[in-house]
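Colleague: No sequence on hand, only this structure:
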C-alpha cells in the first residue's frame, strides 16, 4: 500500500505532492505548510506566508482534499490545515475529516541558506495537534479523537540536513494505533540537485529520492522505497507553485497528487 494512503487512513497526516513525487518523507527536507503536516518543523523554513490546496486520488479506492496555510514571525511559525478523506470502497460519503494546528520554533541559527536551495545552519523543533472525526464501524456513529505529532530538523552545514518526525506519538483517537517514526537526511550536491534518504517505521522501511532543478520554473523528482516507484514535477511562476506527484506500487495501483501553492506577504527576517 502506498505511504500517502496509509498515513491518510491511519494517522491521517497526508503527504503533499512534493513528497509523493520524491517517495521520501519530508522530515529533513520539508519547507512548507503542506509538508509540515507530516514534519512539523518544516514550517520554520517558510520565508513568506503560504496557502495551499491539495487533492489526491487512488482510482477505485478513495480520494482526499485538503487545504493548509502557514506564517512565520522571526523564530516562531504557525500553520493550520484541514483534510477530508472519502473511501469509495465503503460506498462513498465523507469517511473522515481532520483539522490541525502546527507550531514550530527555531532554537538557534537561521533555517535559510545564504544561497538559494541550500540549508541554513540551524536547529528547529515543531509540534502538531490534529482533531479527527469519522464513522465508527462497530457502532455506525461518528467518533472523535485527537493525535499529537512532533519533530526536529537540524543542519550544521549548508549542504546537509537531518530530520526526525513522530506522527501519532500520542493518540486519543485510537489507543491501539502505533506511532509512525521518520528519520531522514538530505544532501545538496549543487544548486540543481538534492538527494534524500529516510527510514520509516511500520513496514515502509528505507526510501530514497532526488530533486533536480531544470530551470527556475521547473523541477522534477523521483524516488522509491523498494515497493513503490515515485515521480513528480513542480512548476513555479511568480508567487504560484503547481506540484504533481505519482506513486506506482508493485500491485499496479497508482496514486495521483496535485497541489497549488501561493506565497504572500513580506519576507521574514531574523534578529
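Modeller: Okay, I see it. Being a predicted model, the structure only gives us computed values, none of them experimental.
Colleague: Need phi/psi at residue 19.
Modeller: phi -70, psi -40 (degrees, to the nearest 10).
Colleague: Can you tell me the SS state at the residue lying closest to it once chain neighbours are set aside?
Modeller: Using C-beta to C-beta, 6 or more residues apart in numbering and skipping residues adjacent in sequence, the residue nearest residue 19 is residue 26, 5.1 Å away. The C-beta positions use only the backbone N, C-alpha and C, and glycine is treated the same way. Here residue 26 is recorded as coil under DSSP: H, G, I helix; E, B strand; the rest coil.
Colleague: Would you mind measuring from residue 26 to residue 38?
Modeller: When distance is defined by C-beta to C-beta, to the nearest Å, residue 26 is 6 Å away from residue 38.
Colleague: Please apply the same query to residue 208.
Modeller: Relative to residue 38, residue 208 is positioned 17 Å away (C-beta to C-beta).
Colleague: Those two - which one has more neighbours?
Modeller: residue 38 (27 against 16; other C-beta atoms under 10 Å).
Colleague: Where do the strands of this protein begin and end?
Modeller: Secondary structure of the chain by DSSP state E: the strands cover 49-58, 62-73, 76-87, 94-109, 122-135, 142-157, 160-171, 180-188, 193-200, 205-213, 218-224, 228-237, 240-249, 254-264.
Colleague: Now mean pLDDT too, for these, in TSV please.
Modeller: Shown next, in TSV, are the strands of the chain (pLDDT from 0 to 100):
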stretch	mean pLDDT
strand 49-58	92
strand 62-73	92
strand 76-87	91
strand 94-109	90
strand 122-135	91
strand 142-157	90
strand 160-171	90
strand 180-188	95
strand 193-200	96
strand 205-213	95
strand 218-224	96
strand 228-237	95
strand 240-249	93
strand 254-264	94
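Colleague: ok, back up a step: spit out the residues that contact residue 26 and residue 38 alike.
Modeller: Common contact partners of residue 26 and residue 38 (C-beta atoms under 8 Å, 6 or more residues apart in numbering): 15, 19, 165.
Colleague: Show the contacting residues for the residue positioned nearest the centre of the chain.
Modeller: Of all residues in the chain, the one closest to the mean position by C-alpha atoms, centre = their mean is residue 35, 2.7 Å from it. Listed by C-beta under 8 Å, 6+ apart, the contact set of residue 35 reads 16, 18-19, 26, 29, 42.
Colleague: Check what pLDDT residue 41 gets.
Modeller: Per-residue confidence (pLDDT) for residue 41: 95.
Colleague: count of neighbours near it?
Modeller: So residue 41, with other C-beta under 10 Å, has 35 neighbours.
Colleague: picking that back up, my read is that the residue nearest to residue 19 contacts residue 17, right?
Modeller: No. Counting by C-beta atoms under 8 Å, residue 17 is not a contact partner of residue 26; they are 11.4 Å apart.
Colleague: So what pairs up with the residue lying closest to residue 206 once chain neighbours are set aside in the strands?
Modeller: Spatial nearest neighbour of residue 206, excluding adjacent residues (C-beta to C-beta, 6+ apart): residue 199 at 5.6 Å. Counting by DSSP bridges, residue 199 is bridged to residue 183, residue 206.
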